[in-house]
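Trainee: What follows is a predicted protein model with its sequence.
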Amino acid sequence: MNDLAGYLGMHQEITELVLVLGTGSNAALVYDLCSVIKLDKLVLAVPAGKLEKEVQNILQRIAYEEKAYLPKRVEWRTDQGLYAYTAETEQMALLFDAPWNTEEVIAFCRLKPRYLAGISDRKKVNAFQIWEVYRKVSDGIYLLSWEENQGEEVLHWSKNPDSDIELSIIFPVYGVASYLRQCIRSVTAWQADYVEFLFVDDGSPDESADLIREYARNDQRIFLFQKENGGCASARQYGLERARGRYVGFMDPDDYVDETMFRKLFCRALSGSYEISYCGYRELYENTHTTKEVEDCLGFPYKNGTCDRGKIDELIAYERIAIWRGIYLREMLVRHHIHFYTKLRRFDDLPFQVEALAVAKSVVAVPEYLYYYRMSRPGQDISADDERLYVHFPIFRYLDRFFAQAKEKVQLDYLQVVKIHTHRYALEKIRPELIGEYCRLARKDLLSNFPYAEGKYILRQYASWKDQLYFTAICGRNIQLVKLLAGYQGGRGKARRKKRQLQNFEQISVKYGKRS
């Protein structure tokens, strides 16, 4: 059965249907519709010629069959004639098949259909622009769009009777007053009335709350919540529990975004009913005022959108941990109990992102670098080089429990890759006198789900040769090799990466089995 007929068939309250067919339409759609809906009135706008005759033949066929329901009344109108048409009931649906352009569909918004459905060529018709207009008058929208060599996408939307908010953006606020103005201006430049901005003041000692109130006076979409200091995770969770949007996003208030970022993310998410939508980001170096694009998973198949379980699982291991450049379907998070672990004082985005990807059924990427992530700011988590990096171990205990009943074995394999990436990051930052203790704890963590041989086999499949060397050194308690890999010389001071060390890496990789 045609998808459009299937969608309208779920709403048996429909008694009146306006059907606008284009030159590329299939007359069989009329039969499918009458097979699932008992209509009091069917209004047809059909191009004269062959298609019109085919529709007439189908209506005659329905009259003699018991499998379909002939509408009590059938009216024929031209497209122009529809402009003067007035619906007889509030239970009216409008269906377009193969419209010529976006404006053609928007023009009939005056009919105020309770339900809107349609199928169109994505190059000709913008489903998101249609949604922005019809969401104010319709309770349900189902727009199927297709593009050659890229498949179909479905915008499937139902009005929330309790809230008209579609996107909630959450900001954990602590000691960022000097950056707030740039942040707020960048996100509020998008003037959509279906967005809310939730600022959670986590006991900030500066004037951040006053600045937020200043902007809130002129923008009703801005909300300020204040709580006792509990850390970034507790602030994000506080905002998540109060968010009303269909989708939720997170932003660090010391960063800023391209003014189009959240609109583009929401547009791609909604247009294909994707559960996660994300974009690329730039590192912003505060000391030099320069930026650098961060390499990430923005190409095929993610830029076209994917429901492939295997491809989504790959993101667990290979997508950069950066929850603030994406948005997430809130219903997905609630259904799977995805939340922030409030006992974590830092790096709480790591378990959130990994868990969200593990349960997401669909993902899409906007292949643009739209988020500016500030580096070299005093007090940032990424500046930690001491025992604060031990937070990785409770994080992975949380994730081990989460993945204990994973339906896909490969997800547990990818978690092993996440672990070695994270421990490698920590070992290349931590003070030399703490390397031994960190390695002891990392060894226990790396062997928690797999014995050594299986863990090594997994990394041979999915990780780089250097990751494999780290795994071998950590599990073999070879602290000197760990220090060499991390860039320390004889255990003295911070990393001094030199050309001769790269030569050493190559020599070691031959000994321990570098992948070709």
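Mentor: Cool, got the structure.

Trainee: pretty sure Arg345 is touching Asn229, no?
Mentor: No. Counting by C-beta atoms under 8 Å, Arg345 stays clear of Asn229, with 10.5 Å between them. Where you see a C-beta, it was placed from the backbone N, CA and C, and this is true even at glycine.

Trainee: So for these two, which sits in the more crowded spot?
Mentor: Arg345 (15 against 12; other C-beta atoms under 10 Å).

Trainee: Which of the three states applies to the more buried one?
Mentor: The assignment at Arg345 comes out as coil when based on DSSP: H, G, I helix; E, B strand; the rest coil.

Trainee: Next up, the contacts around it.
Mentor: Applying C-beta atoms under 8 Å, 6 or more residues apart in numbering to Arg345 gives the contacts 231-233, 388, 391.

Trainee: go on, Asp413?
Mentor: 458, 461-462.

Trainee: Tell me if I am right that it is in a helix.
Mentor: Yes. Going by three-state DSSP, the assignment for Asp413 places it inside a helix.

Trainee: just use 24 as the starting number from now, easier for me
Mentor: All right, first residue 24 from here; so that's Asp436.

Trainee: Quick check, pLDDT for it.
Mentor: Residue-level confidence at Asp436 comes out at 96, pLDDT.

Trainee: re the thing from before, among the contacts of Asp436, name the ones in helices.
Mentor: Judged by DSSP state H, those include 481, 484-485 as members of helices.

Trainee: For Ile60, state which of those is nearest.
Mentor: Closest to Ile60 out of those is Tyr485 (50.1 Å), distances taken as C-beta to C-beta.

Trainee: in terms of contact, does the closest one touch Val440 like I think?
Mentor: Yes. Proximity of Tyr485 to Val440 meets the contact threshold set by C-beta under 8 Å, at 5.0 Å.

Trainee: Show me which of the two is the more surrounded one.
Mentor: Val440 (20 against 17).

Trainee: next one: whichever strand or helix holds Lys467 to chain centre, how far?
Mentor: Counting by DSSP states H and E, the secondary-structure element that holds Lys467 is helix 458-469. On the basis of C-alpha atoms, centre = their mean, to the nearest Å, helix 458-469 sits 33 Å off its chain's mean C-alpha point.

Trainee: What helices and strands are in contact with it?
Mentor: Applying 3 or more C-beta pairs under 8 Å, 6 or more residues apart in numbering; DSSP states H and E, one finds that helix 458-469 makes contact with helix 415-426, helix 432-450, helix 488-498, helix 502-509.

Trainee: what about these, which gets the closest to Ile153?
Mentor: Nearest of these (C-beta to C-beta): helix 432-450, 37.0 Å.

Trainee: What are the buried residues along the closest one?
Mentor: 433-447, 449-450 (16 or more other C-beta atoms under 10 Å).

Trainee: go on, stretch 225-245?
Mentor: 225, 227, 231-232, 234-235, 238-239, 244-245.

Trainee: same question, stretch 389-400
Mentor: Judged by neighbour count using 16+ other C-beta under 10 Å, the buried positions of stretch 389-400 are 389, 391-398, 400.

Trainee: ditto for stretch 365-379
Mentor: Of the residues in stretch 365-379, those with enough neighbours to count as buried (16+ other C-beta under 10 Å) are 365, 367, 369-379.

Trainee: what's the closest of those residues to Leu352?
Mentor: Nearest to Leu352 out of those is Ala379 (C-beta to C-beta; 9.4 Å).

Trainee: For the closest one, list the residues it contacts.
Mentor: If you count contacts by C-beta under 8 Å, 6+ apart, Ala379 has them with 299, 346, 351, 355-356, 361.

Trainee: ok, it to Asp278 distance?
Mentor: Distance, Ala379 to Asp278, using C-beta to C-beta, to the nearest Å: 20 Å.

Trainee: Check Pro228 too.
Mentor: Using C-beta to C-beta, we find Pro228 at a distance of 20 Å from Asp278.

Trainee: about what we covered before: dump the buried residues of stretch 389-400 into a markdown table; add secondary structure, pLDDT and distance to Leu288 as well.
Mentor: Written out in a markdown table, the entries for these read as follows (DSSP: H, G, I helix; E, B strand; the rest coil; pLDDT from 0 to 100; distance: C-beta to C-beta, whole Å):
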| residue | secondary structure | pLDDT | distance to Leu288 |
| --- | --- | --- | --- |
| Val389 | strand | 98 | 6 |
| Glu391 | strand | 98 | 10 |
| Tyr392 | strand | 98 | 13 |
| Leu393 | strand | 98 | 8 |
| Tyr394 | strand | 98 | 10 |
| Tyr395 | strand | 98 | 15 |
| Tyr396 | strand | 97 | 16 |
| Arg397 | strand | 94 | 20 |
| Met398 | strand | 89 | 22 |
| Arg400 | coil | 55 | 24 |
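
Trainee: is it possible to export those to a markdown table including distance to Ser181?
Mentor: Supplementary listing: those in a markdown table, determined by distance: C-beta to C-beta, whole Å:
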| residue | distance to Ser181 |
| --- | --- |
| Val389 | 24 |
| Glu391 | 29 |
| Tyr392 | 33 |
| Leu393 | 28 |
| Tyr394 | 30 |
| Tyr395 | 35 |
| Tyr396 | 35 |
| Arg397 | 38 |
| Met398 | 42 |
| Arg400 | 42 |
